[in-house]
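Trainee: predicted coordinates and the sequence they were generated for:
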Amino acid sequence: MNNIFTITCFRKVFYFFLFSSFVLNANAQLTAACYDLDTQLAIKVNLNNKKGYKIAAITNLLNGVDTSLGSVRIFSWTSNGSPYFGRTLMQFDLKSIPTNAYINSAKLYLYAKTTGTGEGVVGQPTYGSKNTSLVQKIISTWQTSTLSFNNAPTIDTVGQKILNQSVNTAENYVIDLTDFTQKWVNMPDSNFGVLLRMQTENNPYNSMLFECGAASDSNKNVRLEICYFAPLPISLFAFDANVNNDLVNLNWIISDAKNAISIVEKSTDGINFSVAGSLKGMVVNNTSKYSFVDKTTIFTIEYYRIKVMSAAGFYEYSKTIKVIPNTINSIFSNTLIYPNPISNSDLNIRLNLIKDQLLNIGVYDMKGKQVYFKKVFKQKGVNSFSIPCFNDLSAGLYTLNIVSDTELITKKVLKQ
């Protein structure tokens, strides 16, 4: 039987049918964490109807495994006067995400289970004064058929996540698993899932019980929600422009571009773009060659980029190129910005100015918020300087703008 999963890409929803062992939520909606990246995709891996995951519960008294779960069980209790505590293991299937994807966020949503019976106090799933719990990465294989408390997989405590002491008896949690998920996607053989357990298991009468896959409100089933972006399976290269009779001529080539569509976008400031036209290319030996003439006479500096959309509806942008009318000489030449991607280091800028210039240097996050700004005066000739702000920024995609009195250089910078 074919299973359905949903990928939401900015403004569009695409449905695919795969032969697989999992189901992604067919009603997935783009989350706030994803809305601001044109090239970003969102996936919600839900545990609806006990599909889309591998899950099991183990306890110290019953040296076996329970896979018919009505809840995610984390508890420390007693049974006939003996300590009795339970843990839950779960593993998500992430094969639908490309191994070269960059994970912008991955969040585990846990909703308190307020109905039914089981360990703990009915109707008070997050019970007790010492119910702080942990989400730990599993680093060895496990099978539900052989799993037991005494035969549990190996755990790595480095980077473990904390479910803080509850403040009420029916508390929901959202756990950031971005770092775990990034490794699982880049190295699929390392994906063994997570273990959920009490931080201290010898304190009785504490519990955290969450909806598993049978909640009356399907939106409250446990899920891992991932926002990511990845390169398209097509390559754009040889993108250039020239001015002929005051009209801009664009030329570019795309490989592996069967049924691909190119949308030409233009801007006067390098930030706000509008559509100038769209076209399909002529495929020759699996390569498409494109030519486009902007019929609007160019009088000032213009910026162009290509939005390449695959047949499946995924898309990404080319680099932005600056086109200067023949009547204008560029302030900048031979501009170099490095390293990119950048980790915890300064961003270096090297540029050659044709005259003395006061420059505005700005860095913006993916929501357009300015995270760095500085005015610098540079003299004619070669200038080298650095921006220290990337040491303090979180991982993600940023826009660097260098603005003179007549021109703008814009560059995307990836902080790892």
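Mentor: Looks like it arrived, so ask away.
Trainee: burial count for the residue nearest to residue 188 when sequence neighbours are not counted?
Mentor: Nearest residue to residue 188, sequence neighbours excluded (Cβ to Cβ, 6 or more residues apart in numbering): residue 99, at 6.6 Å. C-beta coordinates here come from the backbone N, C-alpha and C atoms, glycine included. By the measure other Cβ atoms under 10 Å, the count of residues near residue 99 is 12.
Trainee: pretty sure residue 99 contacts residue 184?
Mentor: No. Look at residue 99 against residue 184 with Cβ atoms under 8 Å: they stay out of range, at 9.9 Å.
Trainee: phi, psi for the residue nearest to residue 188 please.
Mentor: Torsion angles at residue 99 (phi, psi; degrees, to the nearest 10) stand at phi -70, psi -20.
Trainee: remind me which residues of this protein are low pLDDT?
Mentor: By pLDDT under 70, the low-scoring segments of the chain are 1-52, 63-64, 67-69, 117-118, 214-215, 230-237, 256-259, 281-286, 310-314, 326-334.
Trainee: domain parsing of it, as residue ranges.
Mentor: As given by automatic domain parsing, the domain ranges for the chain are 3-229, 231-328, 329-416.
Trainee: can you pull the buried residues of stretch 191-200?
Mentor: For stretch 191-200, a neighbour-count test (16 or more other Cβ atoms under 10 Å) marks 191, 192, 193, 194, 195, 196, 197, 198, 199 as buried.
Trainee: relative to residue 242, how far out is the fourth one?
Mentor: Applying Cβ to Cβ, to the nearest Å, one obtains 55 Å for the distance of residue 194 from residue 242.
Trainee: which of the domains of the chain is buried the deepest?
Mentor: domain 3-229 (a mean of 18; mean count of other Cβ atoms under 10 Å).
Trainee: all helices for this protein, in order.
Mentor: Assigned by DSSP state H, the chain shows helices spanning 178-186.
Trainee: how far away is residue 255 from residue 211?
Mentor: 46 Å.
Trainee: do the same with residue 58
Mentor: Look at residue 58 and residue 211: by Cβ to Cβ, they are 19 Å apart.
Trainee: do the same with residue 266
Mentor: In terms of Cβ to Cβ, residue 266 sits 49 Å off from residue 211.
Trainee: please apply the same query to residue 414.
Mentor: For residue 414, the distance to residue 211 - Cβ to Cβ - is 36 Å.
Trainee: residue contacts, the nearest residue to residue 305 once chain neighbours are set aside?
Mentor: Leaving aside its sequence neighbours, residue 305 sits nearest to residue 320 (Cβ to Cβ, 6+ apart; 4.6 Å). Counting by Cβ atoms under 8 Å, 6 or more residues apart in numbering, residue 320 touches 267, 270, 303, 304, 305, 410.
Trainee: now residue 129
Mentor: Applying Cβ under 8 Å, 6+ apart, we find residue 129 in contact with 165, 206.
Trainee: and residue 91, by the same measure?
Mentor: Per Cβ under 8 Å, 6+ apart, neighbours of residue 91: 53, 54, 55, 138, 191, 192, 193, 194.
Trainee: ok, now how distant is it from residue 378?
Mentor: In terms of Cβ to Cβ, residue 91 sits 54 Å off from residue 378.
Trainee: kindly report the same for residue 321.
Mentor: Between residue 321 and residue 378 the computed distance is 23 Å (Cβ to Cβ).
Trainee: ok, now residue 368?
Mentor: From residue 368 over to residue 378 the distance is 26 Å, taken as Cβ to Cβ.
Trainee: hmm, back to that, how about a markdown table for the contacts of residue 320, with distance to residue 338 added?
Mentor: Below are the contacts of residue 320 laid out as a markdown table (distance: Cβ to Cβ, whole Å):
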| residue | distance to residue 338 |
| --- | --- |
| 267 | 24 |
| 270 | 20 |
| 303 | 21 |
| 304 | 24 |
| 305 | 21 |
| 410 | 16 |
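Trainee: please flag which of these sit within strands.
Mentor: Among the contacts of residue 320, the members falling in strands (DSSP state E) are 267, 303, 304, 305, 410.
Trainee: would you check that the second one makes contact with residue 272?
Mentor: No. With contact defined as Cβ under 8 Å, residue 303 does not reach residue 272; the gap is 9.7 Å.
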